[in-house]
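Colleague: Need the 3D shape of this:
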Amino acid sequence: MAKWVMVVDDEEMNLKMAGKLLSENGMRVTALKSGRAMLEYIKENGTPDAILLDIKMPEMDGFETLSILRKYESEMGLTETPVILLTSDDNVDTEIKGFQEGVADYISKPFVSEVFLARVNNIITMQSSLVYLKTEATIDKLTGLLNKEASYVEFSQMCTSKKGCLIVLDIDNFQKINELYDEATGDKVLSIFALILKEVFPLGSRFGRIGGDKFVVFGRGISKEESVAEISARLNEAIVQQTKDILTKDEIPLGVSLGGIMVPKLGNDYQSLLKLADKSLRHVKKRNKNGYLIYSTQTMYEDDKDKITPDMKGITEIVGEHNIANVAMQLDLEAFSFAYRFATRYFMRNKNNYCKVLFTLEKTDKINDKEYRAYTDDFGYYLRESLRKSDILTRSRFNQYFVLLTDIKEEYVDGLIDLLLGDWDKKYNFSLNIKYEVDYVKNDGTADVQKAGANIVMIDDDEASSMVAGKVLRENGFTLTTFQTGAEFLNYVQTAEMVPDLILLDIKLPGISGFEVMQRLHKMDNPISQVPIILLTASDDSEMEVKGLALGAVDYISKPIKPEILKARVNHIIQMILLKNKYDK
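Modeller: Down below sits the predicted model:
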């Protein structure tokens with residue numbers, strides 16, 4: 001299917017030229033003259049594969065248009081459309097603002113045909129790859145709805161930011177379909193039901209499949225029980241009508257049961273709300289299938305009506321810790337998640353520093369499998385005894401412990417971990433190979449780890465450029481390794497264990513040019529051949545830009561290097577890489 005590109009520019013000549021170039025290269029083009037026209041068109045016809053958006057337009061400029069587009073996409077649960085800004089302005093602040101707003105790229109006007117096409121193709125190809133990886137990682141293949149893991153992420157966000165009704169649903173008597181027909185028929189019913197959900201619930205709702213025939217929905221904007229009653233009736237009618245041609249052998253009393261809770265009336269934590277909605281669903285299943293129940297304080301406490309009402313002291317006795325031992329608190333993963341959320345909220349509110357540490361315990365040749373298991377247990381006891389009672393930890397896997405160190409200065413973290421592991425090794429004679437990851441969160445509530453994990457290689461014989469790049473990148477938390485020639489870098493590649501996240505490559509190098517370095521890299525049977533490359537050049541020759549893009553470069557940065565542009569473009573590419581890596585796992 002041809003890729004669909006929308007071009008938005010108030011100048012007719014630009015629209016015609018862009019349309020001609022894209023159409024001749026097999027793309028479907030929609031040309032519009034204003035941001036308002038684009039937004040109205042998208043609401044009626046959906047979003048394209050990419051948008052080329054002029055910055056300077058009358059009435060509504062490109063940045064305002066982009067802001068409204070992103071708000072609409074968020075409200076409707078749509079994937080963000082890649083936006084390429086069109087500009088005749090070489091203002092650094094404008095370029096930085098664009099990347100901060102989340103644009104995919106810039107194209108200068110007037111257009112250079114080959115550069116224009118190469119950049120558009122690059123963005124569409126990258127976006128298609130990300131969408132595919134995200135779909136594979138987050139979408140339930142049978143129904144097309146969010147899978148259980150992705151539902152947790154999406155619904156957690158919805159419950160904290162939107163008003164509506166969180167509803168858990170399942171199909172009554174679904175098991176009989178598999179018993180009387182076969183699994184394939186059951187799958188057809190599930191697929192049909194997923195489509196029914198989207199037809200019945202309001203626009204902007206979110207849908208997930210969290211079990212065999214169990215689904216979760218955030219009904220956007222639903223605030224009254226009458227709305228849920230109407231949805232329940234429509235669901236029950238639709239599932240019978242739309243499956244009657246499939247379920248022809250036997251009469252199965254098919255229906256839908258719903259348990260819901262209004263958000264944020266009784267809180268905004270997804271896991272807590274899901275449990276309460278599920279409790280309502282269980283009440284429906286016991287008393288009257290094919291119905292619904294909205295969770296309320298009445299249902300919440302109906303099981304306690306014959307019990308004595310506790311006073312302050314009684315409740316404190318129930319929830320409190322009677323004897324606070326002088327050890328760190330170890331919790332199971334579910335309990336830890338609630339404690340962790342509260343703690344991080346508290347830290348952000350009060351601007352306290354904290355640190356997350358993940359310990360991974362690997363077996364050594366000194367111990368057998370049984371001993372390995374025993375030592376992983378012992379390490380948990382050791383952490384509890386060694387850490388402060390204000391620290392908390394959980395066992396995330398049999399050989400992993402996740403620790404939250406509270407109110408600690410960054411310069412003390414490495415020393416603390418070295419002391420912990422040193423004492424362990426002395427006591428247990430190096431029985432385990434212990435690795436750890438650290439994520440230090442500063443008192444403004446932001447984490448450094450995302451950038452700190454990014455390793456960048458730069459190949460440039462210009463000392464001034466290397467100094468500028470080194471200062472900018474290291475100040476922004478990146479690790480930078482520099483080489484002065486392509487030959488030096490290629491020799492390093494042969495034996496390097498670390499694969500960088502990004503390569504900055506000067507085109508004009510002594511001996512082997514940047515282009516030749518790229519060609520040799522692509523021929524290597526080495527993971528480094530897949531690392532994104534940003535080319536550095538002091539030339540404004542468009543043919544060089546075309547050649548670099550054709551060889552697979554993701555971007556260009558002009559020399560002399562402007563610190564703000566380097567920071568903005570590298571940050572932009574790194575964020576794309578991190579997103580790709582997230583879904584590629």
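Colleague: show me what contacts residue 564?
Modeller: Neighbouring residues of residue 564 by CB atoms under 8 Å, 6 or more residues apart in numbering: 92, 93, 96. In this view, the C-beta of every residue, glycine as well, is placed from N, C-alpha and C.
Colleague: and of those, the nearest to residue 484?
Modeller: Using CB to CB, residue 92 is the member of these that lies nearest residue 484, at 27.6 Å.
Colleague: Which helix or strand contains the nearest residue to the closest one once chain neighbours are set aside?
Modeller: In this structure, residue 92 finds its nearest non-sequential neighbour in residue 564, 5.4 Å apart by CB to CB, 6 or more residues apart in numbering. In this structure, residue 564 sits in helix 563-584 according to DSSP states H and E.
Colleague: List buried residues within the contacts of residue 564.
Modeller: Listed as buried from these are residue 96; burial here means 16 or more other CB atoms under 10 Å.
Colleague: Tell me which of the contacts of residue 564 fall in helices.
Modeller: Judged by DSSP state H, the contacts of residue 564 include 92, 93, 96 as members of helices.
Colleague: For the second one, give its distance to residue 564.
Modeller: Right, the one you point to is residue 93. From residue 93 over to residue 564 the distance is 8 Å, taken as CB to CB, to the nearest Å.
Colleague: Same check on the last one?
Modeller: Residue 96 is 5 Å from residue 564, where distance means CB to CB.
Colleague: which one's the longest helix in this structure?
Modeller: helix 113-138.
Colleague: so what does that one touch, helix or strand wise?
Modeller: helix 12-24, strand 50-54, strand 83-87, strand 105-108, helix 148-161, helix 542-550, helix 563-584 (3 or more CB pairs under 8 Å, 6 or more residues apart in numbering; DSSP states H and E).
Colleague: Averaged pLDDT, the fourth one. What do you get?
Modeller: The one in question is strand 105-108. Across strand 105-108, pLDDT averages out at 88.
Colleague: swap in the second one?
Modeller: Strand 50-54 shows a mean pLDDT of 95.
Colleague: Give me the next element, helix or strand, following it.
Modeller: helix 62-76.
Colleague: quick one on the thing from earlier: compare the helices and strands packed on helix 113-138 and report which one is nearest to residue 241.
Modeller: helix 148-161 (27.2 Å).
Colleague: Show me which residues of that closest one are buried.
Modeller: Those would be 150, 151, 152, 154, 155, 156, 158, 159, for helix 148-161 by 16+ other CB under 10 Å.
Colleague: can you name the two of those residues that are farthest apart?
Modeller: Farthest pair in these (CB to CB) is 150 and 159. Separation: 14.7 Å.
Colleague: so where is the stretch 401-550 of the chain shaky, pLDDT-wise?
Modeller: 443-453 (pLDDT under 70).
Colleague: quick one: the strands in it?
Modeller: 432-441, 455-459, 479-483, 502-506, 533-537 (DSSP state E, counting those that start in this stretch).
Colleague: would CSV of those strands with distance to residue 132 be doable?
Modeller: Output for these, formatted as CSV (distance: least, CB to CB, whole Å):
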stretch, distance to residue 132
strand 432-441, 28
strand 455-459, 26
strand 479-483, 30
strand 502-506, 22
strand 533-537, 22
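Colleague: Return the most buried member of the ones you listed.
Modeller: strand 502-506 (a mean of 24; mean count of other CB atoms under 10 Å).
Colleague: partners of that one, with directions?
Modeller: Its sheet considered, strand 502-506 pairs with strand 455-459 (parallel), strand 533-537 (parallel) by DSSP bridges.
Colleague: List the contacts of it.
Modeller: By CB under 8 Å, 6+ apart, the list of residues contacting strand 502-506 reads 454-462, 465, 469, 514, 517-518, 531-537, 553, 557, 559, 570, 573-574, 577.
Colleague: at 6 Å instead, please
Modeller: Contact partners of strand 502-506, identified using CB atoms under 6 Å, 6 or more residues apart in numbering, comprise 456, 457, 458, 459, 460, 514, 531, 532, 533, 534, 535, 536.
Colleague: Pull the number of nearby residues for the fifth one.
Modeller: Pointing back at residue 460 there. 23 (other CB atoms under 10 Å).
Colleague: Let me see the contact set for it.
Modeller: 466, 506.
Colleague: Report the separation between it and residue 266.
Modeller: 58 Å.
Colleague: now do the last one
Modeller: With distances defined as CB to CB, the gap from residue 536 to residue 266 amounts to 56 Å.
Colleague: cool, the second one as well?
Modeller: Distance, residue 457 to residue 266, using CB to CB: 52 Å.
Colleague: Between the strands paired with strand 502-506, which one is closest to residue 204.
Modeller: strand 533-537 (37.7 Å).
Colleague: if we take the contacts of strand 502-506, which one ends up nearest to residue 294?
Modeller: Among the contacts of strand 502-506, and counting by CB to CB, the member closest to residue 294 is residue 532, at 49.7 Å.
Colleague: ok, how many other residues are close to the closest one?
Modeller: Residue 532, neighbours per other CB under 10 Å, totals 18.
Colleague: okay, now the closest residue to it other than its chain neighbours: neighbour count?
Modeller: Computed as CB to CB, 6+ apart, the closest residue to residue 532 that is not its neighbour in sequence is residue 554, at 4.6 Å. When neighbours are counted by other CB under 10 Å, residue 554 registers 23.
Colleague: pLDDT value on residue 554, please?
Modeller: So, for residue 554, pLDDT stands at 86.
Colleague: Make sure it is actually in contact with residue 530.
Modeller: No: using CB atoms under 6 Å, residue 554 is not in contact with residue 530; the gap is 11.7 Å.
Colleague: May I have the residues that are in contact with the nearest residue to residue 517 once chain neighbours are set aside?
Modeller: In this structure, residue 517 finds its nearest non-sequential neighbour in residue 486, 4.1 Å apart by CB to CB, 6+ apart. For residue 486, the contact set (CB under 6 Å, 6+ apart) comprises 509, 512, 517.
Colleague: Apply 8 Å and report the result again.
Modeller: Contacts of residue 486 by CB under 8 Å, 6+ apart are 459, 509, 511, 512, 513, 514, 516, 517.
Colleague: ok so, going back, ramachandran coordinates for the residue nearest to residue 532?
Modeller: phi -90, psi -20 (degrees, to the nearest 10).
Colleague: Could you pull out the helices in the stretch 301-450 of the chain for me?
Modeller: Applying DSSP state H, counting those that start in this stretch to the stretch 301-450 of the chain gives helices spanning 312-319, 333-350, 369-386, 410-428, 449-452.
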